[in-house]
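1. Sequence plus predicted model, see below.
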Amino acid sequence: MTQINVSQVSSGTLARLVDISRELNSKTDIDDLLTHIIQQAAALTGAEAASILLLDPHTRQLHFKAASDEMDPAMADAVVPLDSSIAGAVLTSNRPLIIADVARDPRWNPSVSQAINFQTRSILGVPMHDVDRPVGVLEALNKHEGRFTSEDVETLSILADIAGVAVEKARLIQELQHAYDELNELDQRKTDFIAIASHELRTPLSVILGYVSFLREEADPAMAEQLDSVMTAAVKLRTLIQDMLNLQYVDAGQAALSLEPIDLGALVREVVLGNKDTIVAKQQNVTLRLPSRTLRTMGDQQVMGIVLNNLLDNAIKFTPEKGRISMGLEVHGVEAWLYVKDTGLGIPQDKLERIFKRFYQVEHHLRRQYEGLGLGLAIARELVELQNGRIWAESVEGQGSVFYVAMPLEGYGPQSG
């Protein structure tokens, strides 16, 4: 960075530079920012006009970016060589340069003045920096009265360094926004792919399940055992497809919900009954602890069923054979707390939040013992939150886990209107 002697700058100019610094740092659009910089550069130095050239970090060439007068479109982003131009000399020497008469300087290229329809007579050029890295050149053109002074040099140097940081900040913000837009586009493509793939897979899978069921009824014992394996694999695939389909509820948001009073106790019993075959197959003991009175919440019956099925399926999956699972409801103030407790593997404390992220699995994907896409808990959380509820987990590794869902009781909370 060039050495700046602030003592040569008047107090009024310094105060104005402080105000300009605030203004520049509030702008995120680079074109708007560059226009503001050249306007201030001309005003502070008493020049007829100003211009900015920025350094391309890849090609190490200067590009003409902005001028006080309207630029010819052909001149925008034109390359200015570092080794044979006044701006190049400013940047490579990393110090201000005053050219009192450009016509006498062999580095002057008159095509620039012609392109912007402006007759340049004299130039004050100073390097622009982002901290200590050169990023461009700021030029003031044609002093209105007299010649450019040492105070003009110091003033423009301070403005150039303020502007350099602001330009780099705006560039990074634009890159971040571009990356964010690309990420959103990628996320939408992923969502579309999941929706299309799950719908396309569901129809042939239904045919497979139906045909296997038919063959199973007619098969001899040996063949029946093989068909049972096919049926088990097909059911697992159906579960994965259903997880993908459930993502559509989340992505559709509130618009997909059909709110009505839900009897939570009845829903819990229905979910346990629907998983009875799997529970029996693993010889697990599932107990229910429900209050004597009916607890209702405003929500979507089908969506809440997905939530509870995902939580119970998670408990069944990670609880060993002959293990214990309990589901229950409790009243906490104006909320109903539903819990699913298991005697499974447990979850490390540093993973208790991450397990609710889409596609996250505690096990490494190359060494994992348990199947699934890592969607069940993520879907449960997002669907609960769509209905103004909360979901969280508590666990002791090796001793099991408890998952809680808190929902406002009917008549309380945002759903009650």
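-> Received it, and whenever you're ready, just let me know what you need. Numbers count the residues shown, from 1 in each chain.
2. Helices of the stretch 51-200 of the chain, residue ranges please.
-> Assigned by DSSP state H, counting those that start in this stretch, the stretch 51-200 of the chain shows helices spanning 86-93, 111-115, 150-218.
3. can you tell me which of those the model trusts least?
-> Among the helices of the stretch 51-200 of the chain, helix 111-115 has the lowest mean pLDDT, at a mean of 67.
4. if we can go back for a sec, adding mean neighbour count and distance to Ser401, write the helices of the stretch 51-200 of the chain out as TSV.
-> (Glycine included, C-beta is placed from N, CA and C.) Shown next, in TSV, are the helices of the stretch 51-200 of the chain (neighbours: other Cβ atoms under 10 Å; distance: least, Cβ to Cβ, whole Å):
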stretch	mean neighbour count	distance to Ser401
helix 86-93	21	61
helix 111-115	16	70
helix 150-218	15	27
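5. Output those in a markdown table; the columns should cover distance to Val402.
-> As requested, the helices of the stretch 51-200 of the chain are exported to a markdown table (distance: least, Cβ to Cβ, whole Å):
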| stretch | distance to Val402 |
| --- | --- |
| helix 86-93 | 64 |
| helix 111-115 | 72 |
| helix 150-218 | 30 |
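6. among those helices, which is nearest Glu382?
-> Nearest to Glu382 among the helices of the stretch 51-200 of the chain is helix 150-218 (12.7 Å), distances taken as Cβ to Cβ.
7. Remind me what the closest one packs against, helices and strands.
-> If contacts are counted by 3 or more Cβ pairs under 8 Å, 6 or more residues apart in numbering; DSSP states H and E, helix 150-218 sits against helix 11-25, helix 30-45, strand 123-130, strand 133-143, helix 221-252.
8. From the centroid of this structure, which residue is nearest?
-> Tyr180 (5.7 Å; Cα atoms, centre = their mean).
9. mind listing what that one touches?
-> Not one residue lies near Tyr180 by Cβ atoms under 8 Å, 6 or more residues apart in numbering.
10. The chain - how does it break down into domains?
-> According to automatic domain parsing, the chain is divided into the following domains: 6-179, 182-252, 255-416.
11. per-stretch mean pLDDT over those domains, give me the minimum one.
-> domain 182-252 (a mean of 73).
12. Run through the bridge partners of Pro127.
-> Judged by DSSP bridges, the bridge partners of Pro127 are Val137.
13. For the remainder of this discussion, apply numbering that starts at 314.
-> In the new count, where the first residue is 314, that last one comes out as Pro440.
14. Name the nearest residue to Phe461, sequence neighbours excluded.
-> Leu437 (4.2 Å; Cβ to Cβ, 6 or more residues apart in numbering).
15. same question but for Ala391, I mixed them up
-> Phe377 (4.8 Å).
16. In this structure that neighbour contacts Leu368, no?
-> No - under the criterion of Cβ atoms under 8 Å, Phe377 makes no contact with Leu368, lying 11.7 Å away.
17. rewinding a little: a markdown table for the helices and strands packed on helix 463-531, including distance to Leu580 and mean neighbour count?
-> Formatted as a markdown table, these follow (distance: least, Cβ to Cβ, whole Å; neighbours: other Cβ atoms under 10 Å):
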| stretch | distance to Leu580 | mean neighbour count |
| --- | --- | --- |
| helix 324-338 | 54 | 14 |
| helix 343-358 | 55 | 20 |
| strand 436-443 | 59 | 25 |
| strand 446-456 | 61 | 23 |
| helix 534-565 | 16 | 15 |
